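Colleague: I would like to see how this sequence folds:
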Amino acid sequence: MLNPTIEQVTERIIARSRELRSAYLDKIDAARDQGPARTRLSCGNLAHGFAAAAEDKPQLRGNRGANIGIVTAFNDMLSAHQPMENYPSLIKMAARNRGCTAQVAGGVPAMCDGVTQGQIGMELSLFSRDTIALSTAVALSHQMFDAALLLGVCDKIVPGLLIGALSFGHLPVIMLPAGPMTSGLPNKEKARVRQAFAEGKVGRDALLEAESASYHGPGTCTFYGTANSNQMLMEVMGLHLPGAAFVNPNTPLRDALTVAATERACDIGANGDHYTPIGRTIDEKAMVNAMVGLAATGGSTNHAIHLIAIARAAGILIDWDDLDQISRATPLLARIYPNGSADVNHFHAAGGVGLVIRELIDAGLLHPDIRCVHGGDLRAQAQEPWLDALKLRWREPPQESSDNAVLRGVSDPFDREGGLRLVQGNLGRAVVKVSAVEARHQRIRAPAKVFESQDALLDAFKAGELVGDFVAVIRAQGPRANGMPELHKLTPTLAVLQDRGQQVALLTDGRMSGASGKVLAAIHVVPEMLCGGPIGKVRDGDWVVIDAQQGLMQVELDEAELASRANPAVDLSANRSGVGRELFGLMRTSVSPADEGACTLFCDG
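Modeller: Numbering: from 1, shown residues only. Predicted structure coming up:
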């Protein structure tokens, strides 16, 4: 039986989305009814499309079998995407063996938040998601394809690929990950060295050694940030083959899953017998499943933004109230760094996503009856792949977790509620990730210290000015101000102060990393300062309350005093050019608020 809260939220989303979703489904049905797009191309169009197809040319010329469009986010700077270099060759071979063809439809950018963290390039990070969506649409616009395989893993890449693909909602789509790198230096030890560096106790050489031992090879970073949250979401939404998320790269099992995904794409193509368009796979139930999975595993706060934009691309309207209500009804089942000491490899070995899905279905917290790309329902998704000699097979996940410090069942969760909260009050609305924050730090009442940048706070720390309890208010960091960068560079410094016994918290209209940790942080504040948000009215010394459990965020000023204050002028000229920022002015001026997905793509007027 479905949990009453999950049922209520689902029904509310269906009702709220009815008109928009209906129009979306009509659009993709019309595209399907026109038949495979390739058959409608002129001879000149088609000849251009297969001119360099070599041995696949006869198949394409004769319109025999499905043609799979590959959209790849490969680059060899980004460790998570480097293993995808040879995917197209493997996919083409697998397609030919199935009587089909595959072509690289296009590439999309894939920036690494690890490389740009705390740097100017981070101001392009959020907007790269919409750039990826646009690039995906351009790649598929050639209309040569009967299905698509999307190659991507990391933070903005998976949401961008999905948003772009949903504009071709009549096409079947399967997501192909590369898997996490093998475990290196434990994330907790890396965090210790970072804090020691922030205090000046170790030098840059020691810090670089620790970072290099943690991020040491091909594959996704092993902490549970946005990239690995992406992979969990693809499982609970039915967009992966079962259990594909956390298989390490460059292994026989990973290659077998890539081959199997290609074969399945051939079977569910627009001219196949098992047609499964992505616009039908991603429905209201799938979006609810995504929010449940995010809450149950303590996933990234970035998805409080991305899921709204993905849903909107499918004609579905979700909001932070939905996420908050779902999180409060969902138990926390996983402790993966920064919510614990284990990494995703440890989580996978303890039972992984399959065990989580099965537990949540049995508890009535996930919709099992969604249309997964593998052909079954979500209960069939809760399996783990393995190789029997060289043959790919699936089996049930363990009945119980093999490590209760990392993964637990619903009957004995780490917390009776999930990892995300909505806080709101006279400063607006914001999101808090509580899964990594000890209960004693989930509420603060302290004077504000106001900064216009994360570097200003770090300078104050170095000058010894951050004494006593305080709420760090870092404003003018929203999407319209400077692209809403992640402020993860603050984490070690604030953690040092907290470990010294100070009560500290962060309040910002910017973002934190998906790896945001043990310090209370109310982020994504809306309205942002640049749009007149009252966060801009806070002054040094004003008493601020953030209470994650009560859902409260306010400054202790009477209504008249707060209304009488004007937002100060902010000079953002330095954020308007350099490192490509001058090219993103249109996005800054057109982006929607964070609670509407911080998206630049949809115009309903």
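Colleague: other SSEs contacting the longest strand anywhere in the chain?
Modeller: Longest strand of the chain, by residue count under DSSP state E: strand 443-451. In terms of contacts (3 or more C-beta pairs under 8 Å, 6 or more residues apart in numbering; DSSP states H and E), strand 443-451 is packed against helix 454-462, strand 470-474, strand 504-508, strand 543-547. Any C-beta I mention is one placed from the backbone N, CA and C, and that applies to glycine too.
Colleague: how about residues contacting the helix or strand hosting Ala309?
Modeller: Using DSSP states H and E, Ala309 sits in helix 303-313. Helix 303-313 is contacted by residues 126, 129, 133, 156, 159, 162-163, 166-167, 226, 229, 233, 282, 287, 290-291, 294, 317-320, 323, 420, 431, 511, 524, 594-599, 601-602 when judged by C-beta atoms under 8 Å, 6 or more residues apart in numbering.
Colleague: among those residues, name the ones in helices.
Modeller: Counting by DSSP state H, these place 126, 129, 133, 159, 162-163, 166, 226, 229, 233, 287, 290-291, 294, 320, 323 in helices.
Colleague: out of those, which is most surrounded?
Modeller: Leu233 (32 neighbours; other C-beta atoms under 10 Å).
Colleague: tell me what the biggest helix by length in the chain is packed against?
Modeller: Using DSSP H to define each element, the chain has its longest helix at helix 4-33. For helix 4-33, the packing partners by 3+ C-beta pairs under 8 Å, 6+ apart come out as helix 278-281, helix 284-297, helix 320-329.
Colleague: next SSE downstream of the helix or strand bottoming out on mean pLDDT in the chain?
Modeller: None of the helices or strands of the chain scores lower by mean pLDDT, DSSP states H and E than helix 187-198, at a mean of 83. Next in sequence after helix 187-198, counting helices and strands by DSSP H and E, comes helix 204-214.
Colleague: give the rounded mean pLDDT of that following helix.
Modeller: Mean pLDDT, computed over helix 204-214, is 85.
Colleague: list the buried residues of it.
Modeller: 207, 210-211, 214 (16 or more other C-beta atoms under 10 Å).
Colleague: got it, and stretch 385-393?
Modeller: Applying 16+ other C-beta under 10 Å to stretch 385-393 flags 385, 392 as buried.
Colleague: isn't Ala206 right next to Phe197, touching?
Modeller: Yes - Ala206 lies in contact with Phe197 (C-beta atoms under 8 Å); the separation is 7.2 Å.
Colleague: tell me, how many residues neighbour the residue nearest to Asn250 when sequence neighbours are not counted?
Modeller: Spatial nearest neighbour of Asn250, excluding adjacent residues (C-beta to C-beta, 6 or more residues apart in numbering): Pro83 at 5.8 Å. By the criterion of other C-beta under 10 Å, Pro83 has 27 neighbours.
Colleague: follow-up on the earlier one: Serialize the helices and strands packed on helix 4-33 to JSON lines and add fields for distance to Ile535 and mean pLDDT.
Modeller: Below are the helices and strands packed on helix 4-33 laid out as JSON lines (distance: least, C-beta to C-beta, whole Å; pLDDT from 0 to 100):
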{"stretch": "helix 278-281", "distance to Ile535": "37", "mean pLDDT": "97"}
{"stretch": "helix 284-297", "distance to Ile535": "25", "mean pLDDT": "98"}
{"stretch": "helix 320-329", "distance to Ile535": "16", "mean pLDDT": "98"}
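Colleague: pick the most buried one from those.
Modeller: Sort the helices and strands packed on helix 4-33 by mean neighbour count, taking mean count of other C-beta atoms under 10 Å, and helix 284-297 sits at the top with a mean of 27.
Colleague: domains in this structure, by residue range?
Modeller: 4-182+217-395, 187-215, 420-572 (automatic domain parsing).
Colleague: now find how far off-centre the helix holding Ala309 is within its chain.
Modeller: Per C-alpha atoms, centre = their mean, to the nearest Å, the displacement of helix 303-313 from the mean C-alpha position of its chain is 9 Å.
Colleague: give the rounded mean pLDDT of that helix.
Modeller: pLDDT averaged over helix 303-313 gives 98.
Colleague: could you check the angle helix 284-297 makes with it?
Modeller: Here helix 303-313 runs at an angle of 170 degrees relative to helix 284-297 (axes from the mean of the first three to the mean of the last three C-alpha atoms, to 10 degrees).
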